[in-house]
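Novice: Let's see this in three dimensions:
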Amino acid sequence: MEPVPARVGVSAELDEVENMIAFPDQRVRYMTVRESARVQRFPDNYAFLGSWTEAMRQLGNAVPVTLAQVVGHSVARALERDSAQKSVHHEPRESAAIQSA
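Specialist: Predicted structure coming up:
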């Protein structure tokens, strides 16, 4: 069986959000929790607890894994640069005893 292209969509109407796949033959179905997790690059062994609705809410509130990695690395580099600049510009002060001698 050959893969069939499908559209994956998220539609919001009022407070209801639906994660659905629309097939070319007009069929639609809800995405599984695992499919939704894969879209956000969660590892297959990552567990979502609770009902389908609760798991989808967790996914909806989650920061996608790849985005979190990029942001985390960016923050780490900024902190390293800041730390390096402080160590270069920091000149230890002489003690009061040495200064008065």
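Novice: got the contact list for the longest helix along the chain?
Specialist: Longest helix in the chain, counting residues (DSSP state H): helix 65-89. Residues from elsewhere that reach helix 65-89, judged by C-beta atoms under 8 Å, 6 or more residues apart in numbering: 40-43, 63. From N, CA and C alone the C-beta is placed, and that goes for glycine too.
Novice: if we go to 10 Å?
Specialist: Helix 65-89 is contacted from outside by 37, 40-43, 46, 62-64, using C-beta atoms under 10 Å, 6 or more residues apart in numbering.
Novice: Kindly report the same for stretch 33-43.
Specialist: Taking C-beta under 10 Å, 6+ apart as the rule, stretch 33-43 contacts 8, 10, 19, 21, 29-32, 44, 46-48, 50-52, 54-56, 58-60, 62-69.
Novice: So among those, which ones count as buried?
Specialist: Those of the contacts of stretch 33-43 that meet the buried threshold are 19, 31, 48, 55-56, 59, 62, by 16 or more other C-beta atoms under 10 Å.
Novice: Pick out the most distant pair among the residues you listed.
Specialist: Distance extremes for the buried ones among the contacts of stretch 33-43: the farthest pair is 31 and 62 at 14.6 Å, using C-beta to C-beta.
Novice: low-confidence ranges in this protein?
Specialist: 1-18, 88-101 (pLDDT under 70).
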